[in-house]
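Colleague: Pasted the sequence and its predicted model underneath.
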Amino acid sequence: MIFTIDEASAYCYTGGKAFDASQPTAVFIHGAQNDHSVWALQTRYFAHHGWNVLAVDLPGHGRSTGTAKTTVEEMVHWILAMLDAAGVAQAMLVGHSMGSLIALEAAYQAPARVSQLAMLGSTYPMAVSPALLETSKNDEQAAIDMVNLWSHSSIAQKPSFPGPGFYAMGGARRLKQRIAAINPAHVFHTDFYSCNAYANGEAAAASVTCPTLFIFGARDMMTPPKSTRLLTSSIAHGKLVQVDSGHELMAEQPDAVLDALFAFAATKPAFLTKTP
């Protein structure tokens, strides 16, 4: 599906199925220097098992045109505008890494629009080292190689990766290179800057009342599980699932991630009541 948001094209992958207003909707939000394709297995399964899927390409990424947004809050405005354009009143939000911060902030800004919240490879604060910020601006290929190495638990191919002949680590590298090629405006640096600058995570987490799922990679070096305590303690009702992977957990452990997400999606969206 292609919408027009802020006078630019906004692309959403639907998992190969037509949108059906009678079904619930799941919105999948990718991380830095990525696009909708990182959710390939999970989104197709959801789309063929009773869900509308809107796997977005954020502005300046993939098939969505326009300038990459420079703050998490601006990306939330874009996500909510996309829901309006699609005619979706409420959706489950699923976000990975930078996308998890967007999903979290959306739940803070528009809680009635978010039925469930799933955060993968997330942490708060999502600090980015000055060295990586500088490298992503001045030597993007070096930054791609650094992040690609840190984002996988091993250079060896995982047996669970779907599709003989495909290579998770090589595919992730090529995707980041493709984003750099189609948008030379230092998108990687812009994305990292947005993550590093986001300052509302603790307040946003404390406000969340919808069902929440955390999925962490046990060997994640980008957002290590030990760094997630502030986030998980602020959303005490959130369910935690850990899989044997690095930061690119949707590719390294696609079946485990899908199982956790689809089981969570079946939970009844019941909002909690919090007292001041």
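Modeller: On my side now, so go ahead. Numbering: from 1, shown residues only.

Colleague: Could I get the full set of strands for this protein?
Modeller: 2-5, 8-13, 25-29, 52-56, 91-96, 114-120, 212-217, 239-243 (DSSP state E).

Colleague: was I right about K176 contacting M146?
Modeller: No. Contact criterion CB atoms under 8 Å: K176 and M146 do not qualify, at 10.8 Å. For every residue, glycine as well, the C-beta is placed using N, CA and C.

Colleague: So which of these two has more stuff around it?
Modeller: K176 (24 against 15; other CB atoms under 10 Å).

Colleague: Going along the chain, name the helices of the stretch 1-150 of the chain.
Modeller: For the stretch 1-150 of the chain, the helices defined by DSSP state H, counting those that start in this stretch cover 40-47, 72-86, 98-109, 130-138, 140-150.

Colleague: wait, which of those helices is closest to A10?
Modeller: Among these, the nearest to A10 by CB to CB is helix 72-86 (5.7 Å).

Colleague: then the closest one to PDB, C-alphas only?
Modeller: What follows is helix 72-86, C-alpha atoms only, in PDB (Å, rounded to 0.1, in the frame of the first residue of the first chain):
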ATOM      1  CA  VAL A  72      11.400   9.900  17.500                       C
ATOM      2  CA  GLU A  73       8.500  12.300  18.000                       C
ATOM      3  CA  GLU A  74       8.400  13.200  14.300                       C
ATOM      4  CA  MET A  75       8.300   9.600  13.400                       C
ATOM      5  CA  VAL A  76       5.400   9.000  15.700                       C
ATOM      6  CA  HIS A  77       3.500  11.800  14.000                       C
ATOM      7  CA  TRP A  78       4.200  10.000  10.700                       C
ATOM      8  CA  ILE A  79       3.000   6.700  12.100                       C
ATOM      9  CA  LEU A  80      -0.200   8.200  13.400                       C
ATOM     10  CA  ALA A  81      -0.800   9.900  10.000                       C
ATOM     11  CA  MET A  82      -0.300   6.600   8.300                       C
ATOM     12  CA  LEU A  83      -2.900   5.000  10.500                       C
ATOM     13  CA  ASP A  84      -5.300   7.800   9.600                       C
ATOM     14  CA  ALA A  85      -4.600   7.300   5.900                       C
ATOM     15  CA  ALA A  86      -5.300   3.600   6.200                       C
END
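
Colleague: residues of it that come out buried?
Modeller: Using 16 or more other CB atoms under 10 Å as the test for burial, helix 72-86 gives 72-80, 82-83, 86.

Colleague: between these, which is nearest S234?
Modeller: Distances from S234 to the buried residues of helix 72-86, taken by CB to CB, are shortest for V72, at 16.4 Å.

Colleague: Low-confidence regions, this protein specifically.
Modeller: For the chain, applying pLDDT under 70 flags the ranges 155-166, 268-276.

Colleague: What distance do you get for H247 to A185?
Modeller: 24 Å (CB to CB, to the nearest Å).

Colleague: quick one: which of these two has more around it?
Modeller: Taking other CB under 10 Å, H247 and A185 do not tie; H247 has more neighbours (27 against 10).

Colleague: Thought S97 was touching the more buried one, still the case?
Modeller: Yes. Look at H247 against S97 with CB under 8 Å: they come within range, at 6.8 Å.

Colleague: anything in contact with each of the two?
Modeller: The contact sets of H247 and S97 overlap at 121, 222-223 (CB atoms under 8 Å, 6 or more residues apart in numbering).

Colleague: now, among these, which is nearest to L213?
Modeller: G121 (12.5 Å).

Colleague: What about that closest one, how many residues nearby?
Modeller: 28.

Colleague: And it, its phi and psi?
Modeller: phi 50, psi 50 (degrees, to the nearest 10).

Colleague: OK, contacts around it?
Modeller: 31, 96-97, 100, 215-217, 220, 222-223, 247-249.

Colleague: go again using 10 Å as the cut-off
Modeller: By CB atoms under 10 Å, 6 or more residues apart in numbering, the residues touching G121 are 31, 95-100, 151, 214-217, 220, 222-223, 225, 228, 245-250.

Colleague: And E202, by the same measure?
Modeller: Contacts of E202 by CB under 10 Å, 6+ apart are 124-125, 230-231, 233-234.

Colleague: which among these gets closest to L117?
Modeller: L117 has its nearest neighbour among the contacts of E202 in L231, at 11.5 Å by CB to CB.
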